[in-house]
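[1] Got a sequence here, can you build the structure:
(one chain, ligands or ions: 2)
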Amino acid sequence: MLIDQMRCNLESFKVGSVPDLYYLPDYVSVNEEIQLLKEITSSKQAWVQLSGRSCQNIGGMVHEKGLIPAPIPSYLKNLMNQLDIDSQQIRLYGDQPPNHVLINKYGPGDGIMPHQDGPAYYPGVSILSLGAPAVMTFTPKWVEVDSTNDTACTQQEESIFLLPRSLLLFKSEAYTAYLHGIAGTNKLGQGGDNMASPVCNLHLIQNCETLHTACCGQALISGKTTGTRFSLTVRRVPRLIKSLLPNRR
Ligand SMILES: O=C(O)CCC(=O)C(=O)O
Ligand SMILES: [Fe+2]
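    Ligands and ions are numbered 1, 2, ... in the order given. Below is the predicted model:
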């Protein structure tokens with residue numbers, strides 16, 4: 001992990017006007033990214049095909065009632081441990097460590113519909129991005145109306161660049177009062193020109209230099225994703241269950 005700074009002050013990585021949203025560029029190094037991608041793509045864990053993406057469920061199956069736990073592969077333990085330590089400042093997972101990782105795999109043009117993560121999870125999420133870049137948009141679930149003059153106020157839709165090796169953290173209001181999603185057909189524009197909503201972390205992407213280099217330059221400039229993106233969504237399911245079958249005695 002590259003970010004020592006983070007241990008001092010996570011508040012300096014807070015971005016945009018969506019509350020409780022943090023973006024950390026280069027949370028893992030290029031070598032760590034290569035290693036993680038090797039482990040993910042060579043693992044025997046089954047990929048489940050969903051609309052717009054496929055995923056691996058690590059740590060067990062999540063049901064409405066809770067998690068039926070399964071062992072976590074050793075290659076993910078360090079990362080989960082580090083995330084637990086680094087996020088304690090903002091009590092991202094409450095008082096317990098994360099116990100579940102959803103690995104998402106997106107091909108060119110893939111995405112994920114605007115959604116709120118399920119009620120089985122504690123409302124705090126870390127998302128590590130690897131491979132191709134993406135843009136995530138946070139959309140308020142409702143708009144507050146100012147009853148004194150009948151105008152809609154406060155929350156606005158906001159987008160965030162998710163570059164490879166970056167870490168996104170969100171919790172509380174960002175988790176419960178907003179939907180998050182990734183548009184399937186890419187709306188990425190250099191410097192955010194073509195974005196439907198304002199991009200809140202451009203200042204953390206130095207001179208857009210990162211956008212011009214490595215695997216993501218072409219994708220962001222041409223407005224088309226060309227590569228495959230992997231994201232690791234690390235969460236905690238507070239309730240553990242043994243099985244969905246009723247106890248038979
Ligand atoms: O791929 C991403 O960055 C988002 C994944 C996500 O929202 C989820 O797994 O619930
Ligand atoms: Fe999600």
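[2] Spit out the contact partners of the most centrally placed residue in the chain.
    The centroid of the chain falls nearest to I127 when counting by CA atoms, centre = their mean (3.0 Å). For I127, the contact set (CB atoms under 8 Å, 6 or more residues apart in numbering) comprises L162, L167, L168, L169, S231, L232, T233, V234. (Glycine included, C-beta is placed from N, CA and C.)
[3] Among the residues you listed, which has the minimum pLDDT value?
    Minimum pLDDT across the contacts of I127 is recorded for L162, with 93.
[4] what's the helix or strand for the residue nearest to the centre of the chain?
    Using DSSP states H and E, I127 maps to strand 124-131.
[5] ok, P97 - how many residues close by?
    For P97, the neighbour count with other CB atoms under 10 Å is 15.
[6] Is it in contact with D84, as I believe?
    Yes: applying CB atoms under 8 Å, one finds P97 in contact with D84, separated by 4.3 Å.
[7] Which residue, other than its chain neighbours, is closest to E157?
    Excluding its sequence neighbours, the residue lying closest to E157 (CB to CB, 6 or more residues apart in numbering) is S197, at 4.2 Å.
[8] what's the answer for H100, then?
    Leaving aside its sequence neighbours, H100 sits nearest to G59 (CB to CB, 6+ apart; 3.9 Å).
[9] neighbouring contacts of the strand or helix carrying Y75?
    Under the criterion of DSSP H and E, Y75 resides in helix 74-86. Contacts of helix 74-86 with the rest of the structure, by CB under 8 Å, 6+ apart, involve 1, 3, 6-7, 10, 28, 35-36, 39, 58, 72, 93, 97-98, 101, 126, 128, 167, 232, 234.
[10] Return the distance of the strand holding I127 from the chain's centre.
    4 Å (CA atoms, centre = their mean, to the nearest Å).
[11] who in this structure is up against ligand 1?
    Within the chain, the positions adjacent to ligand 1 are L102, N104, I112, D117, I127, M136, L162, H180, S231, T233 by CB under 6 Å from any ligand atom.
[12] Show me which pair in these is furthest apart.
    The largest separation in the residues of the chain next to ligand 1, counting by CB to CB, is between D117 and L162 at 16.0 Å.
[13] Between these two, which is the more surrounded one?
    Neighbour count, other CB under 10 Å: between D117 and L162, L162 has more, with 22 against 19.
[14] is it true that that one touches L168?
    Yes: at 6.2 Å, L162 and L168 qualify as touching, with contact defined as CB under 8 Å.
[15] what sits in contact with each of the two?
    With CB under 8 Å, 6+ apart, L162 and L168 have common neighbours I127, S129, M136.
[16] any idea what sits nearest the first one, other than its immediate chain neighbours?
    Read it as I127. Nearest non-adjacent residue to I127, counting by CB to CB, 6+ apart: L168, 4.4 Å away.
[17] Quickly find the element holding the one you found.
    Here L168 is assigned to strand 167-171, by DSSP H and E.
[18] Touching that strand from outside, list them.
    Residues contacting strand 167-171 (CB under 8 Å, 6+ apart): 10, 18, 20-24, 27-28, 83, 87, 90, 92, 123-129, 136, 160, 162, 180.
[19] how many other residues sit next to H115?
    By the other CB under 10 Å criterion, the neighbourhood of H115 contains 9 residues.
[20] Now it: closest residue in space, sequence neighbours ignored.
    L179 (5.8 Å).
[21] With just CA atoms, put the strand or helix carrying that neighbour into CSV.
    Taking DSSP H and E as the criterion, L179 maps to strand 178-182. The C-alpha trace of strand 178-182 is given here as CSV (Å, rounded to 0.1, in the frame of the first residue of the first chain):
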residue,chain,number,x,y,z
TYR,A,178,-27.8,8.0,-3.0
LEU,A,179,-27.8,5.4,-5.7
HIS,A,180,-24.4,4.6,-7.3
GLY,A,181,-23.9,3.1,-10.8
ILE,A,182,-21.6,2.9,-13.8
